[in-house]
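*Asks:* here's a sequence, model it:
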Amino acid sequence: MRPAPDAAQRYGRHRRAAGIAARRLLPSVPIDIRRPELRAEVIALIDLVCHGQVDGELRVPVEELVRTLGIPVAAAFHEQLAERGDLHFAGDAFVNGGRPIVRNVKFLGLTGQLEIAATLRGELHRAVDRFTLTFEPGASFRLGRRIFETELRRLEVTPTTVRIVFSPIFELRVHLEASA
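*Replies:* Numbering: from 1, shown residues only. Presented below is the predicted three-dimensional model:
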C-alpha cells in the first residue's frame, strides 16, 4: 500500500493541474497592447544595457525590469525592489539575488500575484539598439491568479516593441508607438 501524499505533493499536483487548465483557457496567439508612455523609459533601458558599462561592469535595477513589464510600482513596492538591488551582468550572463518578493499587482487590467524568485539568472544577448534577456527556469518572475500561473522566460526589448514571452502559456507584445 502506498503512503498518502503529503501536503507538498498535493500542492504540486494542484499547481500542475492548474497550469494545464490555464493552457486550455488562454489564447495561443500573442496579446498586443499599446503603451507609448513607456517608450522613453524603454529607450533609456536599451541605452543602459547596450552601452552603459562602467569599468567593465553593467548593473540594471530590478525595478526597471518590472516597469518594462508594464507593472506599476507603488511606494511600498518600490522600497522592496530598491532593497533587491540590481541585475549584475558579466559577459553574456546576468544574476541578482535577494529575498523573494511576492506582491499583488495589476497586470493587463487584472489583479494577480507577482513573485520574484530569490535568484534571477539567465543570458543576455545584445545588439546596438536592442537586447534580449533569457531567464533560467525557476530563476525568473512568476505571475498568477487562481488557476492562471505563468513564468517569464524571455524579454526582448527594441525601441518599438517589448516582447514578453511567458511559459508555458502566452506572449505579450507591448508596442511603444502611439499608432501602427
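
*Asks:* the lengthiest strand in the chain: what's the following helix or strand?
*Replies:* Ranked by residue count under DSSP state E, the longest strand found in the chain is strand 148-157. On the C-terminal side of strand 148-157, the nearest following helix or strand under DSSP states H and E is strand 161-167.

*Asks:* and that following strand with strand 148-157, angle?
*Replies:* Between strand 161-167 and strand 148-157, the angle formed by their directions is 140 degrees, by axes from the mean of the first three to the mean of the last three C-alpha atoms, to 10 degrees.

*Asks:* export strand 161-167 as CSV, just CAs?
*Replies:* What follows is strand 161-167, C-alpha atoms only, in CSV (Å, rounded to 0.1, in the frame of the first residue of the first chain):
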residue,chain,number,x,y,z
THR,A,161,8.3,46.8,-29.1
VAL,A,162,8.9,44.9,-25.8
ARG,A,163,8.1,41.2,-26.4
ILE,A,164,7.4,39.4,-23.1
VAL,A,165,7.4,35.6,-23.5
PHE,A,166,5.8,33.7,-20.7
SER,A,167,5.9,29.9,-20.4
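
*Asks:* which helix or strand lies directly C-terminal to that strand?
*Replies:* strand 171-175.

*Asks:* tell me the contacts of the closest residue to residue 101 other than its chain neighbours?
*Replies:* On the basis of C-beta to C-beta, 6 or more residues apart in numbering, the spatially nearest residue to residue 101 that is not a chain neighbour turns out to be residue 116, at 4.2 Å. For every residue, glycine as well, the C-beta is placed using N, CA and C. By C-beta atoms under 8 Å, 6 or more residues apart in numbering, the contact set of residue 116 is 62, 84, 100, 101, 102, 141.

*Asks:* out of the residues you listed, who has the most neighbours?
*Replies:* Going through the contacts of residue 116 with other C-beta atoms under 10 Å as the criterion, the one with the most neighbours is residue 141, at 23 neighbours.

*Asks:* that's all I had, so thanks and see you.
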